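**Student:** Turn this into a structure:
(one chain, ligands or ions: 1)
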Amino acid sequence: MSVLITGANGFIASHIVDTLLNSGYTVIGTARAESKFEPLLSEFKKKYPNANLSYEVVADITAEGAFDDLLKKHPDIKYVLHTASPFSFGYDKSFEEAYFKPAVEGTKNVLQSIKKYAPQVTNVVVTSSFAAIMRFTPDYVKYTNQDWNPMKLEECKNEMEAYCASKTHAEKAAWDFVKNEKPNFKLTTVCPPYVFGPQVFDSVVTKTLNTSNELINRIVKTPPTDELVSEPSGLEVDVRDVAKFHQLAFEKESAVGTRLFVVAGHFTGQTILNILNKHFPNEKLAVGAPEKDNATELIGYDIDNVLESVGGYEFISLEKSIVDAASQYLKKFGSFKQIE
Ligand code: NDP
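**Tutor:** Presented below is the predicted three-dimensional model:
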């Protein structure tokens, strides 16, 4: 039995592929073009010479029936992990075209195709986000997996808000689909906040990284200052843990049917700067105000029910996520100063 993973060339998805291959699953990935997955396929073949990994091109996930042929061709698919969704900024398109359509229509299309052509699929996991949980408020809120971002498309003022609203609407569309269409499969969603950590292979590291890790690049460029580096700030989790939770999402019966809000801890720019200065002193980065880091006072979370549903879990520390990601950059580019 195989696992289908959409957007399998992405930062998080490539770690999910790694985790699944390591556990012995047969994996079928999708990407928008062959050129997107070829470098990964050759790396995975080197790492797992006996692995069953193949890729299929799905050029446009918003097209009706986009996944029909793929699911007809692979009647062995038992689990589907839908990760493909836009998570970058600077599109020259309306919020609807850039974020909503791919996020919401993409999700509905996968689910519809599974219902029509793959009744053997038992579990679907949708990669949602903390963006679907949080509210844009300056108040301190202790978030749980029961919370929903209330924002609507027409209220969005910038791309970040549009991204967050698109994730909310896509996740809601998935839960509504299950409620209304009563398919054979069970749904679980994974809702990570900022995801840090290394790329799955050193060879795929580029000067500009995926959106969440690119924050590290922003922080290393902080001008020398005595001020607290408070931006960005939020909750975080390591990519390798997010990958494992995608697996637990269909393997752990007690987690199936829930929203897996996965958080390792808090951060601000200052927290990251402190870690970088501790481990990479030769880089001579800005110091900020190390003692004043207020990351834990800005936002709260309670994920006890999530941890209980998977039988407990030890998250990778932010320190390790940042050190592993930064070491990978430095190995390739020599110094942060060369990362423009
Ligand atoms: P990446 O940008 O690395 O991966 C995104 C994947 O989605 C790529 O395969 C990309 O394909 C695909 N994709 C993007 N836009 C479209 C589109 N319009 N049509 C079809 N496919 C598309 O991001 P991440 O790995 O970080 O994100 C993966 C998932 O995790 C997303 O759903 C994101 O919302 C979610 N997430 C990410 C977090 C993070 O901090 N990284 C936090 C919370 C949730 P292509 O390469 O062709 O663009």
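
**Student:** roughly how far apart are the residue in the stretch 151-300 of the chain positioned nearest to the ligand and residue 305?
**Tutor:** Here the stretch 151-300 of the chain gets closest to the ligand at one residue, residue 212, 3.1 Å apart by CB to the nearest ligand atom. Where C-beta positions appear, they are placed from N, C-alpha and C, glycine not excepted. Using CB to CB, to the nearest Å, we find residue 212 at a distance of 25 Å from residue 305.

**Student:** Comparing the two, which residue is more hemmed in?
**Tutor:** Between residue 212 and residue 305, counted using other CB atoms under 10 Å, residue 212 has the larger neighbour count: 22 against 13.

**Student:** Quick check: residues of this structure near the ligand?
**Tutor:** Residues of the chain lying near the ligand by CB under 6 Å from any ligand atom: 7, 9-13, 31-32, 36, 61, 83-88, 102, 127, 129, 167, 192, 194-195, 210, 212.

**Student:** Mind checking which of the residues you listed are in strands?
**Tutor:** 31, 127, 194-195 (DSSP state E).

**Student:** Most proximal residue of the protein with respect to the ligand?
**Tutor:** Counting by CB to the nearest ligand atom, the chain gets nearest the ligand through residue 10, at 2.4 Å.

**Student:** and the residue lying closest to that residue once chain neighbours are set aside, what does it touch?
**Tutor:** Leaving out its chain neighbours, the residue that sits closest to residue 10 by CB to CB, 6 or more residues apart in numbering is residue 83, at 6.0 Å. Residue 83 is in contact with 5-8, 10, 12-13, 16, 127, 246, counting by CB atoms under 8 Å, 6 or more residues apart in numbering.

**Student:** please redo it, this time with the cut-off set to 7 Å
**Tutor:** Taking CB atoms under 7 Å, 6 or more residues apart in numbering, we find residue 83 in contact with 5-7, 10, 12-13, 16, 127.

**Student:** can you redo those residues as a markdown table with pLDDT and neighbour count?
**Tutor:** Listed next are those as a markdown table, based on pLDDT from 0 to 100; neighbours: other CB atoms under 10 Å:
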| residue | pLDDT | neighbour count |
| --- | --- | --- |
| 5 | 98 | 28 |
| 6 | 98 | 28 |
| 7 | 98 | 27 |
| 10 | 98 | 21 |
| 12 | 98 | 22 |
| 13 | 98 | 27 |
| 16 | 98 | 30 |
| 127 | 98 | 29 |
